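Asker: got a predicted structure here, sequence first:
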Amino acid sequence: MPQTKTKTIQSTVIPTGTKRLVVLVTIDQLRDILYARTGSAFVSFTAKYDMDVKGKMLKGGRGNVPTNPFIGKGLVKIATTTGGVTFRYDEGVERRLQKEGKDVEDHKKGVSWSHAVTREDGTLTPLSVHAADVNDDGSFQTLARTYLRFRQDSSTSHYELPDGSLVEKSELQPWLPKSNNYKNQGLDKPLQFQTIAFSSLVSLTIDGVTYILR
């Protein structure tokens with residue numbers, strides 16, 4: 001991917017004994033692979049989210065909400081997600097509005113914190129960067145924060161402590177922030193658009209190849 005610092009490290013193909021191809025890659029390598037891939041695609045990935053990161057959990061201790069006992073305990077959320085990449089969000093929402101018999105004006109567009117990455121020829125990539133890392137001329141800062149940009153179709157997850165013990169979502173519920181309900185789309189069945197930091201990815205499968213982050 002142009003305009004970001006990358007370090008060339010040879011990827012490693014892992015023999016699996018099956019037709020499935022598994023490749024060990026670095027974050028930079030995976031970004032470059034996705035940047036080079038043209039056209040929409042189906043993906044599945046596993047991610048590990050650090051629940052101590054700002055915005056993942058509330059600290060509590062105010063009003064009727066008790067102090068969160070899981071803060072600083074190394075809790076992570078492990079999720080397996082399927083969806084699509086390389087799509088134009090606004091156009092997707094408007095197409096779905098038309099299918100639901102609604103006016104495209106029902107989509108109340110806002111200002112996004114992320115900026116979709118396109119190639120020099122104008123074609124879209126599966127990547128986005130933090131809008132604050134985009135220069136006035138449209139170029140990206142050298143260490144721009146990059147993300148995988150995807151449409152979520154399904155996702156399953158669980159919460160886990162460092163010793164491997166599981167925490168039920170119901171135990172965490174008082175300290176979980178409200179999820180995005182996408183009301184601004186004006187849809188009965190919202191398009192679940194999301195981004196994920198590459199540092200959270202454990203593995204990603206696209207075009208029949210599974211890339212494992214190292």
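Answerer: Received, thanks. Numbering: from 1, shown residues only.

Asker: who's in contact with S44?
Answerer: T80, T81, T82, G83, L204, T205 (Cβ atoms under 8 Å, 6 or more residues apart in numbering). Backbone N, C-alpha and C define where each C-beta goes, glycine included.

Asker: in the sheet, which residues pair with it? Tell me.
Answerer: Taking DSSP bridges as the rule, S44 bridges to T82, T205.

Asker: pLDDT score for it?
Answerer: We have a pLDDT of 97 for S44.

Asker: okay, it and S155: tell me how far apart.
Answerer: Between S44 and S155 the distance is 10 Å, computed by Cβ to Cβ, to the nearest Å.

Asker: and if you look at V76?
Answerer: Distance, V76 to S155, using Cβ to Cβ: 15 Å.

Asker: those two: who's more crowded?
Answerer: Counted by other Cβ atoms under 10 Å, V76 and S155 do not tie: V76 has more neighbours, with 19 against 15.

Asker: need the residues touching each of S44 and S155.
Answerer: Taking Cβ under 8 Å, 6+ apart as the contact rule, S44 and S155 both touch T80, T81, T82.

Asker: which residues of this structure fall in strands?
Answerer: Shown for the chain, the strands assigned by DSSP state E span residues 12-14, 21-25, 41-50, 76-85, 114-118, 124-130, 146-160, 166-167, 193-197, 201-206, 209-213.

Asker: now those strands in TSV, with distance to Y35?
Answerer: Converted to TSV, the strands of the chain look like this (distance: least, Cβ to Cβ, whole Å):
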stretch	distance to Y35
strand 12-14	20
strand 21-25	13
strand 41-50	13
strand 76-85	11
strand 114-118	7
strand 124-130	5
strand 146-160	9
strand 166-167	36
strand 193-197	15
strand 201-206	13
strand 209-213	14
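
Asker: and among these, the most buried is which?
Answerer: Counting by mean count of other Cβ atoms under 10 Å, strand 124-130 has the highest mean neighbour count of those, with a mean of 20.

Asker: now it: average pLDDT?
Answerer: Rounded mean pLDDT across strand 124-130 is 92.

Asker: D106 is nearest to which of the strands of the chain?
Answerer: Checking the strands of the chain against D106 by Cβ to Cβ gives strand 193-197 as the closest, at 16.3 Å.
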